[in-house]
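Peer 1: mind folding the following:
(one chain, ligands or ions: 1)
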Amino acid sequence: MDDYEVCIHMRNVSTGTEMEGYLMKDVILAKFAEVFGDKEGAKAFFAPGRVNMIGEHTDYNGGHVFPCALTIGTYGVARKRDDNKLRFYSMNFEQLGVIESSLDDLKPYKEANWTNYPKGVMWAFEQKGMKIPCGMDLMLNGNIPNGSGLSSSASVEVLTGYILRDFFGFDVTNQDLALIGQFSENKFNGVNCGIMDQFAIAMGKEGHAIFLDTADLSYEYAPIKLENAKIVIACSNKKRGLGDSKYNERRSECETALAELQTVADIKSLGELTEEAFEAHKSAIKSDIRMKRAKHAVYENQRTVKAVEALKNNDVKLFGQLMNASHVSLRDDYEVTGIELDTLVEEAWKVDGVIGSRMTGAGFGGCTVSIVEDKAIDTFIDSVGKAYLQKIGYAADFYVVEIGDGPCVL
Ligand code: GLA
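Peer 2: From the prediction side, this is the model:
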């Protein structure tokens with residue numbers, strides 16, 4: 001690959017967001033009119049994607065996470081109907097055309113494809129006693145790389161909940177929207193995800209990451225002040241679907257390890273254990289694999305607490321070292337990285353000016369997140385991009401990102 005090719009795989013999405021949002025509104029309203037006849041009564045919305053800085057696979061173990069919302073995400077246009085019909089269209093899957101359904105048939109179908117996410121949220125509202133009075137036409141256009149581990153599905157879920165609240169006045173907070181999104185993903189779409197993604201998206205705050213304790217949903221916003229550095233996301237372009245990955249398997253390995261530890265310790269979750277307490281009780285876990293999984297959950301949780309402390313002390317260097325340690329643990333103990341993510345991270349570590357780098361999200365493909373000094377960003381993209389292409393055989397994409405707000409009306 002020559003420099004030009006590396007260059008076209010780099011998209012800088014850090015600038016012009018408001019302008020992009022403004023233009024995007026016109027684009028999606030025009031497309032809505034083209035697909036659904038006219039745009040009379042249609043309203044435009046946005047929900048972000050998210051990146052997790054540290055605290056991976058801790059959210060379903062009662063631990064801490066530290067994600068932030070991005071300025072990239074899902075744009076949507078919706079309009080109420082006077083019947084129960086649902087008509088969906090995605091500019092990201094134009095080949096699928098308009099997919100129709102009905103409020104009278106809120107069930108997941110394989111052929112319903114991505115529409116199972118908004119349908120799942122509608123189903124979840126109804127399960128929680130909020131009857132949806134009429135159907136809608138909904139068109140989406142996302143600029144989160146699909147299947148990249150930046151939570152395109154949670155973004156669609158929160159967006160749908162936000163639209164339902166806006167249209168029908170349901171008495172739910174943004175935190176409720178996160179919980180409803182997670183409930184729909186667990187029960188309608190069959191992925192036992194934790195609360196991190198939906199929470200980060202629904203509660204996002206510009207310039208801040210969210211230090212969330214998943215044990216009780218207490219949280220605080222921490223400003224991300226990187227001075228002369230930026231957050232760079234590298235997308236491996238190895239597609240990942242949580243449903244067919246080993247995500248649910250990891251979760252149940254942790255649950256079994258917890259049950260074993262509960263025979264010797266009075267705990268409700270792995271997140272309650274310090275490293276020392278884990279070492280003292282770990283012999284109760286009767287398999288080496290489960291011991292590694294539980295070790296990751298415990299140590300990663302403690303690392304997350306330390307990382308946020310480091311950030312509060314303006315010690316970005318220590319924060320970066322903890323990010324690196326997080327990746328090693330996800331690679332060796334939790335075993336959710338794979339050659340693509342390991343290559344991106346290990347090549348990143350070689351670049352002078354990289355403060356920290358790790359995989360982000362569920363793993364098994366998807367993205368890495370790195371903190372890179374401004375002066376090293378071009379070199380980073382060039383050298384990691386080239387090494388990745390050479391080793392893996394296809395290119396990675398790079399995104400210099402900004403931390404944005406939660407969902408909104410455009
Ligand atoms: C996915 C899930 C989250 C979380 C991460 C791993 O993104 O949706 O709940 O478990 O994986 O940290």
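
Peer 1: does stretch 196-205 come close to the ligand?
Peer 2: Yes: against the ligand, stretch 196-205 shows contacts by Cβ under 6 Å from any ligand atom at M196, D197. The way it works is simple: take the backbone N, C-alpha and C, and place the C-beta from them, glycine included.

Peer 1: which strand or helix spans the residue of the stretch 1-150 of the chain found nearest the ligand?
Peer 2: Closest approach of the stretch 1-150 of the chain to the ligand (Cβ to the nearest ligand atom) occurs at E56, with a separation of 4.1 Å. For E56, there is no enclosing helix or strand under DSSP states H and E.

Peer 1: count of neighbours near it?
Peer 2: By other Cβ atoms under 10 Å, 29 other residues sit near E56.

Peer 1: which helix is the longest one in the chain?
Peer 2: If you go by DSSP state H, the chain has its longest helix at helix 288-312.

Peer 1: which parts of the next helix or strand after it are buried?
Peer 2: Following helix 288-312 in sequence order, the next helix or strand is helix 316-332 (DSSP H and E). With burial defined by 16 or more other Cβ atoms under 10 Å, the residues of helix 316-332 counted as buried are 316, 318-327, 329-331.

Peer 1: list just the nearest of the residues you listed to the ligand.
Peer 2: Nearest member of the buried residues of helix 316-332 to the ligand, counting by Cβ to the nearest ligand atom, is L330, at 9.1 Å.

Peer 1: my guess is that closest one contacts G55. True?
Peer 2: No: at 11.2 Å, L330 does not count as touching G55 under the criterion of Cβ atoms under 8 Å.

Peer 1: which residues do the two both contact?
Peer 2: E300 (Cβ atoms under 8 Å, 6 or more residues apart in numbering).

Peer 1: ok so, going back, what packs against the longest helix of the chain?
Peer 2: Using 3 or more Cβ pairs under 8 Å, 6 or more residues apart in numbering; DSSP states H and E, the elements in contact with helix 288-312 are strand 64-65, strand 218-223, helix 247-261, helix 275-281, helix 316-332.

Peer 1: among the ones you listed, which is nearest V308?
Peer 2: Judged by Cβ to Cβ, the one of those that comes nearest to V308 is strand 218-223, at 5.9 Å.

Peer 1: from the chain's centre, how far out does that closest one sit?
Peer 2: When distances are taken as Cα atoms, centre = their mean, to the nearest Å, strand 218-223 is centred 17 Å away from the chain's centroid.

Peer 1: same thing with stretch 403-410?
Peer 2: Stretch 403-410 sits 15 Å away from the centroid of its parent chain (Cα atoms, centre = their mean).

Peer 1: how about the CA coordinates for stretch 300-316, as PDB?
Peer 2: Below are the C-alpha coordinates for stretch 300-316, written out as PDB (Å, rounded to 0.1, in the frame of the first residue of the first chain):
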ATOM      1  CA  GLU A 300      -9.700  -4.600  35.200                       C
ATOM      2  CA  ASN A 301     -12.200  -3.100  37.600                       C
ATOM      3  CA  GLN A 302      -9.400  -2.000  39.900                       C
ATOM      4  CA  ARG A 303      -7.500  -0.600  36.900                       C
ATOM      5  CA  THR A 304     -10.400   1.500  35.900                       C
ATOM      6  CA  VAL A 305     -10.700   3.100  39.400                       C
ATOM      7  CA  LYS A 306      -6.900   3.800  39.300                       C
ATOM      8  CA  ALA A 307      -7.100   5.200  35.800                       C
ATOM      9  CA  VAL A 308      -9.800   7.700  36.700                       C
ATOM     10  CA  GLU A 309      -7.800   8.700  39.700                       C
ATOM     11  CA  ALA A 310      -4.800   9.200  37.500                       C
ATOM     12  CA  LEU A 311      -6.800  11.400  35.100                       C
ATOM     13  CA  LYS A 312      -8.000  13.500  38.100                       C
ATOM     14  CA  ASN A 313      -4.300  14.000  39.000                       C
ATOM     15  CA  ASN A 314      -3.600  15.000  35.400                       C
ATOM     16  CA  ASP A 315      -1.400  12.000  35.100                       C
ATOM     17  CA  VAL A 316      -2.300  11.100  31.500                       C
END
